[in-house]
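In: Dropping a prediction and its sequence here:
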Amino acid sequence: MSDKKGMKIKILQYMSFELFVIIFVMFGLFSQNWFTFSNFIMIIKQSSYVGILAIGITFPLITAGTDLSVGAVMFMGMSFSAMLLDKGVPLPVAMLVALIIGCVIGIVNAFFVVDVKVMPFIATLGTMTVIRGITLIFTGSRALNIPAYLTTAFGSGKLFGLIPYPAIVFIFLLLVFHIVLTKTAFGRRIFACGNNLEAAKKAGLNTRLVLYMAYVISGVLAAIAGFVSASQIGNVPAGFGEGYEFDAIAASVLGGTSLLGGTGSILPGVLVGAVTIQMIKTGLTAMQINPYLIDIFQALFILLAVMLDGIKNQVIAKSQSRHIRVAE
Amino acid sequence: MKANSSKQIFVKLLTSEFFILIMSAVYYVVIGIISPRMFSGNMINNIFQNMWPLLAGCLGQTFVLLLGGIDLSQTSVISLCSVVSGILLGGKFQELKFGTSPLWGNLIKESGGVFSGLPEITGTVLAIVVVLLVGTLIGCINGLFIAKLNMPPFMTTLISQMLWAAIALWLVSSQNCTGLNPSFNFLGKGKLGGFIYMPFLIVIILLIICEMLLSKTVFGKWIYCVGSNSRAAVVSGIPKNLVIVCVYSISGFCAAVASVLYTGRQMMGRPTIGDGMLNDILGATVIGGVSMYGGKGKAVWALYGVLFYCIMTTSMNMLHLNSFLTQAVKGCIILLAVSLDVVRTSIQQRMTK
Amino acid sequence: MAEEQVLRLEHVSKDFFGIYAITDVSLELNKGEILGLIGENGAGKSTMMNIVCGVLPPTSGSLFFEGKPYEPKKPSDAEAVGISFIHQELNLFNNLNVIDNMFINGFRHIKGLPLNNNKEMAEIAKSALAQVGLDISPYTKVEKLSMGERQLIEIAKSILGDPKVIIFDEPTTSLTNKETEKLFAIIEKLKAEGKSIIYISHILEDVQRLTDKIAVLRDGVITATGKTEEFTIDRMISNMVGRSITQMYPPRIENISDEILLSVKNLSQPGVVKDINLELRKGEILGIYGLMGAGRSELANILFGLDEYESGQIIFKGKVLEKKNPIERIKAGMGYVTENRKEEGLFLEFPVAENINITSLRSLSKKGIVNKKEALKNAQDSKKMFGIKCEAVNKHLVKGLSGGNQQKVVIAKWVSTRPELLIVDEPTRGIDVGAKSEVYNILNELARAGTGILMVSSEMEELIGNCSRIIVMNKGMITGELNNQEICTESLLHAAFIDTAGM
């Protein structure tokens, strides 16, 4: 009876790929040098930090939560590292500090969400403001410098003169967290919690631990994204990371993560989502469109992604509600 | 025994609807003792003047929170409406600044905005009507997405926030529009008969209307019902989707009112005027006691919240605190307010069990 | 073969705030035996099983497992000794595959790595699936499986731990006939392997066919136990129902008008209901009986315009109604007391008055402004009329009321719209006996005044006591209709339990 409906669901399910291909081809028609290897590598490089944020944010999203503080975590982690590096602290230590900051903020977020039971978006909106405020107290509104070697050796460096390091970090993290999400007990339990938290509790899972882990991963990856981003920009401006949480959520949702929780993937999800978002930016810039319009297009595109997610959920819910037994 | 009764008093205080009003008074007095300048007429005037435009936004937010939703797009509605006022009433636009605007040459010209040629009062009135319509329309669009597509309110309005903020910047190429009608500016900073502060008058009327709407009308009851139990509301024959769309429209309308007041006060249409106001609006509304879980709150509670918030921020400015520290404190207020909301809700649940 | 005792309950009682849920229950379960546990809703079956599974502690009495004292504190204690409970509502995660679901609480890892050993788990899962006769890949996502297959997954999951006792709670409600047959074969096989089984079901024919021993619960007391051969279906029913039915119920309405109020023609919605035809006259109380999952509440939702339907017609007072529009129906004079009063009927945080007035705000207001005086009066009148026990109606929150009073508030809210048709779904679920009889009186008075009442219920007793006609539903279809003279428990049950297979 439902060939047409099944088709509709299929089309919606693979929406991320369809959009990816459509946009990819579209820009190819409009700009030169689009279908080249170097262009593709560049897009991956440019999408690396948003992609890393998106990997992290996917975890809270799967649990039916969200983390709006990631942009601020990037800023705080990187600012403190930059200040430490400026004082001559060795790089590994500075990096460790950033990671610890990300971890602690993740724990704070999780505390509000899991223990105080505040809604995730408002809790993380609050921590976002606090984190940014605190960091700015230390940095003032000036841009912090980072050591030149970070930029030359890492930010604009290439492995074998071919693949940029930020892209390598991105791909490496994609692989690692893909495995975490699909192959470990923790990964599977995240999905269980996002599907039905009550059932997960009933099944005897330590749901509190699982949720804490999700927010910690999001925080730590945001700190890493800070490094990847700063080494490409060359410094840490006062508005560093502002608004990146949108791009990250959009990338994740575009990649098939549902805002209602329970579904999502790192590979291919986040990769496709992050690259699509970056492709739009790069493509529109290449077409020399008014920069104001790029922001508008981007917002409209995110709207499209979330809208499709909403429609998909409705269609699926409808098809499942019909699962009541009837005589055969 | 005694410990028990003092605990009871504490719980009673915490769950009282006047809790934040009492806290405001306590805070004011404590800060005043530390720094007596807090009691000066200048400070009081400062607090008084800051309250009203913010309250306009908070009233809109109250409606949305009563529904169990949230409207993060109010800030960009404020910005966009400010830009629209500028485009309509701006006195002079320089090609150097506005030449790249998409409206250059058709809506905004060297000679001024769309309504700048009209008689002063007509122009102002028309501009206000357009601005309020724009705000309401944006709210209506938010509501439609939320009601019809079942999209999470926070995400919908977050995207809406990005979109309209970007459009506001685009329309005027990030420039401020100056030279608005004096009568328009009068709304934001004038005193009626040299005595009654205009924003106060406007927002008090708005507050009374909101309070009436919520407590006296069928529509008000519907809002509470949808916010408290949307499924039961549908079963009881309440047009849930209509209520959602109307409530978000009201939120947009209130933001537009706030925009008129802020724009008039600053005497220019600024595309970034609403930036950073989200914390103020959310923080003040929630700390006033309006629950984020829907169905609980009164319009007048927003007034209490705004009072507390303005005393707080004014005192921080007076103490010359680092502006970034102020920002961090504002974030803390939001976290505190929502945590308080959760604690109060759970206490009340336990009390009636 | 000497009978080996696995589980024994001795004089177990459990009270909730002074009200006994089960009283002095003693029961034995032997190795390789299937025990059928039957009783009406609220008879204490689930309380008893919750005690066995460590969800609730007994107030008094003791439990023994394999002869040794057994005092489970939490569900995992029950699992540890080898008791496995398959709940009526499945506890599976639809977004995960079969392996993940089966091992969610104890994944097998690859040696020395924190990675799941899917290969090993797939092997184990496969053999468990084979045991329950399910031929699917263990990598299939649960959302792709039918309800019956999901049930089998639960069973496969439970036999992973090699339990000694398996408890099935209404396992067949969502299964097709074929799947039911399969399930029974598996249960027989498990029995042959020496596992003991407690089988809880409303479907007495199944119980008779499957079990070795039967225990009947009524009002928290075991009214009969014995070998299955000793029980006829009639005996089971009389043990379950027991008390004389007529006492609680008001006298039946004698003269019902001939005017047809509601007629439903060929109503179908795929997967929900099929080909429903019915007529309801003014002043009539029409019962719809069906077990859980028979489609009775779904039908009520469609009639009230909350859910869609694909084909057919609903005609109310001679007018064809729109497909999905509860507001139109309320204006036309319909009311709907839903099955879950807390989720769908009440605004728990609001006072009694607000709850009663919400449906009649249109008549209690002028130009959109509520007339406070009239609204208060309406609420107070309702309070008096229905005997709602509360303090000031505009202060007392509904969540502070007892279940019976909450239900009266829901009924009052619809009655104040002066409905001509009131659909009541499970009108007395979870309320005490006194309140039940009050609710019946209210409904009968309404009917006497000319309101048509559609009473949807899974409690046969209240339908027999109240209705002039009863329609029986099974698997989304009407399988029988009984009028006043024919109504008796046996005929009702017979209609409910016959399989659609032969139809």
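Out: Good, I have the coordinates. Here the structure is a predicted model, which means the values were calculated and not measured.
In: Can you tell me, leaving aside adjacent residues, what's nearest to C:Ser174?
Out: On the basis of Cβ to Cβ, 6 or more residues apart in numbering or on different chains, the spatially nearest residue to C:Ser174 that is not a chain neighbour turns out to be C:Met147, at 4.0 Å. (Each C-beta comes from the backbone N, C-alpha and C, glycine too.)
In: Distance-wise, check the one you found relative to C:Pro171.
Out: Relative to C:Pro171, C:Met147 is positioned 11 Å away (criterion: Cβ to Cβ, to the nearest Å).
In: what is in contact with these two at once?
Out: Contact criterion Cβ atoms under 8 Å, 6 or more residues apart in numbering or on different chains; no residue bridges C:Met147 and C:Pro171 by contacting each.
In: what about the chain, any weak spots by pLDDT?
Out: Reading this off chain A. Across chain A, the stretches falling below the confidence threshold (pLDDT under 70) are A:1-3, A:5, A:319-328.
In: if you could check chain C rather than the one you did, that'd help
Out: Counting by pLDDT under 70, the low-confidence segments of chain C come to C:1-3, C:17-19, C:41-42, C:241-248, C:253-254, C:292, C:433, C:484-503.
In: near chain A, which residues of it?
Out: Among all residues of chain C, those adjacent to chain A (criterion: Cβ under 8 Å from any Cβ of the partner chain) are C:75-76, C:91-96, C:100, C:104-105, C:107, C:109, C:114-116, C:118, C:143, C:147, C:174-178, C:270-274, C:293, C:295, C:298, C:474-477, C:500, C:503.
In: Show the buried residues in these.
Out: With burial judged by 16 or more other Cβ atoms under 10 Å in any protein chain shown, the buried subset of these is C:75, C:91-96, C:100, C:104-105, C:107, C:109, C:115-116, C:118, C:143, C:147, C:174-176, C:271-274, C:293, C:295, C:298, C:474-477, C:500.
In: Which ones among those map onto helices?
Out: Of those, the ones assigned to helices by DSSP state H are C:Pro75, C:Asp100, C:Asn118, C:Met147, C:Glu298.
In: among these, which two are most distant?
Out: The largest separation in those, counting by Cβ to Cβ, is between C:Asn118 and C:Glu298 at 38.8 Å.
In: Centroid-nearest residue for the chain?
Out: If you meant another chain, say so; for now it's chain A. Nearest to the geometric centre of chain A sits A:Ala54, at 1.0 Å (Cα atoms, centre = their mean).
In: looking at chain B here, not the other one
Out: Among the residues of chain B, B:Gly57 comes closest to the average C-alpha position under Cα atoms, centre = their mean, at 1.4 Å.
In: What's the separation between that one and B:Leu137?
Out: With distances taken as Cβ to Cβ, B:Gly57 is found 17 Å from B:Leu137.
In: can you check B:Val203 too?
Out: 22 Å.
In: So the two - more neighbours on which side?
Out: The residue with more neighbours, out of B:Val203 and B:Leu137 and counting by other Cβ atoms under 10 Å in any protein chain shown, is B:Val203; that gives 27 against 15.
In: For C:Val370, which residues count as its bridge partners?
Out: Residues found in beta-bridge contact with C:Val370 (criterion: DSSP bridges) are C:Ser365.
In: nope, C:Leu267 is what I meant
Out: Each beta-bridge partner of C:Leu267 is listed here: C:Ile276, as defined by DSSP bridges.
In: so what's it up against?
Out: The contact partners of C:Leu267, by Cβ under 8 Å, 6+ apart, come to C:Val273, C:Asp275, C:Ile276, C:Asn277, C:Leu299, C:Ile302, C:Tyr309, C:Ser311, C:Gly312, C:Gln313, C:Ile314.
In: Quick check: strands, which of the buried ones among the residues of chain C next to chain A are part of them?
Out: Among those, the members falling in strands are C:Val273, C:Lys274, C:Asn474, C:Met477 (criterion: DSSP state E).
In: I'd like the distance between the last one and C:Lys178.
Out: In this case it means C:Met477. Applying Cβ to Cβ, the value for C:Met477 to C:Lys178 is 17 Å.
In: Repeat that for B:Phe184.
Out: From B:Phe184 over to C:Lys178 the distance is 76 Å, taken as Cβ to Cβ.
In: Near chain C, which residues of chain B are found?
Out: Counting by Cβ under 8 Å from any Cβ, the residues of chain B near chain C are B:216-219, B:221-222, B:224-225, B:228-229, B:231-239, B:295-296, B:352.
In: Check the residues you listed for burial and list the buried ones.
Out: Neighbour-count burial within the residues of chain B next to chain C applies to B:216-219, B:221-222, B:224-225, B:228-229, B:232-239, B:295-296; the criterion is 16+ other Cβ under 10 Å.
In: so of the residues you listed, which ones are in helices?
Out: When DSSP H is applied, these are split such that B:Lys216, B:Val218, B:Phe219, B:Lys221, B:Trp222, B:Tyr224, B:Cys225, B:Ser228, B:Ala232, B:Ala233, B:Val234, B:Val235 fall in helices.
In: now those residues as JSON lines including distance to C:Glu461 and pLDDT?
Out: As requested, those are exported to JSON lines (distance: Cβ to Cβ, whole Å; pLDDT from 0 to 100):
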{"residue": "B:Lys216", "distance to C:Glu461": "46", "pLDDT": "91"}
{"residue": "B:Val218", "distance to C:Glu461": "41", "pLDDT": "94"}
{"residue": "B:Phe219", "distance to C:Glu461": "44", "pLDDT": "94"}
{"residue": "B:Lys221", "distance to C:Glu461": "38", "pLDDT": "93"}
{"residue": "B:Trp222", "distance to C:Glu461": "39", "pLDDT": "95"}
{"residue": "B:Tyr224", "distance to C:Glu461": "38", "pLDDT": "95"}
{"residue": "B:Cys225", "distance to C:Glu461": "35", "pLDDT": "95"}
{"residue": "B:Ser228", "distance to C:Glu461": "34", "pLDDT": "93"}
{"residue": "B:Ala232", "distance to C:Glu461": "28", "pLDDT": "94"}
{"residue": "B:Ala233", "distance to C:Glu461": "33", "pLDDT": "94"}
{"residue": "B:Val234", "distance to C:Glu461": "31", "pLDDT": "93"}
{"residue": "B:Val235", "distance to C:Glu461": "27", "pLDDT": "93"}
